[in-house]
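J.: sequence-free structure coming up:
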């Protein structure tokens, strides 16, 4: 029989909030982690893929371990991005619904620091922060973490780069007698070094399903394309997923902007998110995505941290990630909360050896996604053209006289005849382009 949250030693007020949140049974990482954090004094390393419930695994025990008789900062939760920080803050607030005396603050970068300083001047028990912003607050003497009991490093493998510069400064402010909880989806050398350098010799490690990426609900597939057909193949795939929500990952901010622009031109319901956008813009786009006003999010890897939307049905790797760990994080955006999902890699021929390396390292098999033929792509592009035409707003700057003359030319045509002529014109306009693409593809296959 599966364990319940009540079997893990969780207090009544927190259990009540879990009932409100419709949390029925703990996930494996929660079941293994929560009792250890509540009953031991050791440092802890939790190794589990994205989407397995790590936030509750550390968040629930941290809430329960807070001593309300002490008004200083007792727990610091470090995260790699603003989005993840705000997501964890929202979750922690929900878990603490029936613990109103516990005070939680989010102090992440990208937004004005003065309101955060003002917030920290009041009693605060738990602080959720990005490393850079926390260091800034320390230097301004706006936060005192000298008595902190718990340090949580969440998504440590994604945070290694930002931590390299700042962790020494943060650790120097923390007391030696503290407990450190490190959570990560992968355990590369840099994270192992973190464990060795900053955690005690008494470390309890728990790992969950590390031989499978994410969970069994994800189908891992790939498609090999020529550079010239890459966008067309992607749009064909997106058309087949109309009405479903998905994330497309690109390597760089410039690539995100370029792809998002192309999708917007073809009237796909999409938005772009990357580190150079201001926080209000990122919040607005993320809000539109979460609420279903846009179905497609084009993002860089780091900007996508903290996206916790259950209804993401697919992930597209428009650019192959450099390392397997990155693929783990990307694919983990889909198939959350027991749902099914698809993770598709769009490859160029010269990248196929890298895919074999991923298969070996991650212990999974990628199935080949059937690439649409030239005719199918062209038909899809024609449908996209028709939708684009339908959504085009009238041009009110054209004179009524000219409009009248144009109407006179078409007035005797039926709707069917007009559609036939529009389609014929489209084919004529795109014929040379289609011949050129077909010829390039044929020559590369020779």
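T.: That came through, no problem. All values reported here derive from a predicted model rather than from experimental measurement.
J.: below-threshold pLDDT in the stretch 101-250 of the chain: ranges please.
T.: Low-confidence segments of the stretch 101-250 of the chain, defined by pLDDT under 70: 161-165, 209-216.
J.: if we use 90, what do you get?
T.: Applying pLDDT under 90 to the stretch 101-250 of the chain flags residues 109-111, 155-169, 184-198, 200-202, 207-218, 242-243.
J.: all helices of it, in order?
T.: Using DSSP state H, counting those that start in this stretch, the helices found in the stretch 101-250 of the chain span residues 114-120, 131-139, 156-173, 189-198, 230-240.
J.: the fourth one - contacts with which helices or strands?
T.: Looking back up the chat, that one is helix 189-198. Judged by 3 or more CB pairs under 8 Å, 6 or more residues apart in numbering; DSSP states H and E, helix 189-198 is in contact with helix 156-173, strand 179-184. All C-beta spots, glycine's among them, are computed from the backbone N, C-alpha and C.
J.: now the angle between helix 131-139 and the first one, please.
T.: This points to helix 156-173. Here helix 156-173 runs at an angle of 10 degrees relative to helix 131-139 (axes from the mean of the first three to the mean of the last three CA atoms, to 10 degrees).
J.: contacts for helix 156-173, please.
T.: With contact meaning CB atoms under 8 Å, 6 or more residues apart in numbering, helix 156-173 is reached by 76, 78-81, 130-132, 134-135, 138, 145-146, 153, 182-188, 190-191, 194, 198, 301-302, 305, 325, 329.
J.: so which bits of it are buried?
T.: For helix 156-173, burial by neighbour count (16 or more other CB atoms under 10 Å) applies to 156-160, 162-163, 166-167, 170.
J.: between the helices of the stretch 101-250 of the chain, which one is closest to residue 39.
T.: Checking the helices of the stretch 101-250 of the chain against residue 39 by CB to CB gives helix 189-198 as the closest, at 21.4 Å.
J.: pull the distance from that closest one to the chain's centre.
T.: Here helix 189-198 is found 25 Å from its chain centre; the criterion is CA atoms, centre = their mean, to the nearest Å.
J.: mind listing what's buried along it?
T.: Going by neighbour count (16+ other CB under 10 Å), the buried part of helix 189-198 is 191, 194-195, 198.
J.: of those, just say which sits nearest to residue 122.
T.: Lowest distance from residue 122 to these (CB to CB) belongs to residue 198, with 29.4 Å.
J.: turn the helices of the stretch 101-250 of the chain into CSV, including distance to residue 8.
T.: What follows is the helices of the stretch 101-250 of the chain, written out as CSV (distance: least, CB to CB, whole Å):
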stretch, distance to residue 8
helix 114-120, 32
helix 131-139, 30
helix 156-173, 23
helix 189-198, 25
helix 230-240, 42
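J.: which stretch among these comes nearest residue 260?
T.: Evaluated over the helices of the stretch 101-250 of the chain, closeness to residue 260 peaks at helix 230-240, with 12.0 Å, by CB to CB.
J.: closest to residue 368 among the buried residues of helix 189-198?
T.: Among the buried residues of helix 189-198, residue 191 lies closest to residue 368 (CB to CB), at 32.8 Å.
J.: which residues sit in contact with that closest one?
T.: 156-157, 160, 182, 184.
J.: over to residue 245?
T.: With contact taken as CB under 8 Å, 6+ apart, residue 245 is in contact with 289, 292, 295-297, 309, 311-313.
J.: circling back: farthest-apart pair in the buried residues of helix 156-173, please.
T.: The largest separation in the buried residues of helix 156-173, counting by CB to CB, is between 157 and 170 at 17.8 Å.
J.: report the beta-bridge partners for residue 184.
T.: residue 47 (DSSP bridges).
J.: neighbours of it, how many?
T.: 26 (other CB atoms under 10 Å).
J.: ok, it - contacts?
T.: The contact partners of residue 184, by CB under 8 Å, 6+ apart, come to 45-47, 155-157, 191.
J.: tell me how far residue 405 lies from residue 399.
T.: 9 Å (CB to CB, to the nearest Å).
J.: then residue 204?
T.: Counting by CB to CB, the separation of residue 204 from residue 399 is 78 Å.
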